[in-house]
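*Asks:* Here is my input; please provide its structure:
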Amino acid sequence: MAFFTRLRRSIRVWQSNPCRGVVGHHNISMSQPYIDEQSDAVFCWAVDAKASVEGDIEMDTAYIYGEAGFPNPLDVLEAMFTENEWPFERPDEHEILVETTGGWCDYRLFFVWREDMHALYFTCSFDMKIPEDTRARVNHLLALVNQRMWMGHFDLSSEQGTPTYRQTIPTRGLSHVSVETLEDMMDIALAECERFFPAFQFLIWGGYTPDEAVSAALLDCQGEA
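*Replies:* Here you go, the predicted structure:
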C-alpha cells in the first residue's frame with residue numbers, strides 16, 4: 001500500500017543557467033515552489049518554459065533550476081507536502097520535517113539536504129519510546145529486522161529511545177532528485193515501519209523473544225495481505 005498520495009506531476013530538469021529574463025513576452029522567474037493547477041506542473045526556485053514557434057509559452061513543460069548548481073530537493077518536498085496538506089516545518093533551507101499517520105501510529109519524517117556531501121539524508125521515526133530495561137532485547141530485534149531489509153535500516157535513537165528508519169541517497173552525478181525518488185523513499189520507509197511495528201509490541205508488551213517477535217510480525221503481515 002502506498003501511503004504517500006502520488007501527485008502525478010511532471011517535472012523535467014534542464015541543466016542551464018538560472019532563468020533571468022523573459023520567454024516571448026512573459027517574465028517567468030520564480031523563487032518559491034508552487035504547483036500550477038492549469039499546467040499540472042511543480043515549479044521550484046526559478047522556472048522556465050519553452051517558447052513555441054509562434055512565441056507562445058508551452059505551459060505543460062516546467063524546468064527546475066538550482067542557482068547554486070544542484071536543485072535543492074527540499075523545495076520539491078515542500079511543494080509536495082503543501083499540495084497534500086501534510087503539516088510540515090522547514091526551519092531552514094537544509095531541513096524539513098513532516099508528520100503523517102500510519103495504520104499503527106504517527107510517524108515523523110525528517111529530511112536533511114547536504115549539498116557539500118551531495119547527499120539527501122532521511123529518517124522516519126515511530127511515535128514510540130522504548131523502556132530502558134528492554135533496550136538490549138530491542139537492539140537484538142533490530143539486528144534481526146535489518147537482516148530482512150533491502151533499503152535503509154532501523155536503529156534506536158540514543159537520546160529518546162525511539163525506533164527510527166534511516167536512509168541516505170547519494171546524488172553525485174545526478175542532475176536532480178526526482179519526484180518519483182522522493183515518493184519511493186517515503187513509501188518504502190512507511191511500508192517497512194508498518195511491517196515491523198508489531199514486532200516491537202510483541203517484544204515489549206507481549207513478552208516474546210526477538211526471534212519470536214519478528215516471526216509473529218511477518219506472519220501477521222502475511223495474514224493481512
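
*Asks:* any chance you could map the strands in this protein?
*Replies:* For the chain, the strands defined by DSSP state E cover 12-13, 22-23, 26-27, 34-36, 41-43, 46-48, 63-65, 88-92, 95-101, 106-114, 119-126, 153-156, 163-170.

*Asks:* So, low pLDDT: which residues of this structure?
*Replies:* The model of the chain has pLDDT under 70 over residues 1-69, 220-225.

*Asks:* elements contacting the longest helix along it?
*Replies:* Across the chain, the longest stretch assigned as helix under DSSP state H is helix 179-204. Other helices and strands packing on helix 179-204, by 3 or more C-beta pairs under 8 Å, 6 or more residues apart in numbering; DSSP states H and E, are helix 73-84, strand 106-114, strand 119-126, helix 135-146, strand 163-170, helix 210-224. Placement of C-beta: from N, CA and C, glycine included.

*Asks:* JSON lines for the ones you listed, including mean neighbour count?
*Replies:* Output for the helices and strands packed on helix 179-204, formatted as JSON lines (neighbours: other C-beta atoms under 10 Å):
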{"stretch": "helix 73-84", "mean neighbour count": "20"}
{"stretch": "strand 106-114", "mean neighbour count": "18"}
{"stretch": "strand 119-126", "mean neighbour count": "20"}
{"stretch": "helix 135-146", "mean neighbour count": "17"}
{"stretch": "strand 163-170", "mean neighbour count": "18"}
{"stretch": "helix 210-224", "mean neighbour count": "15"}
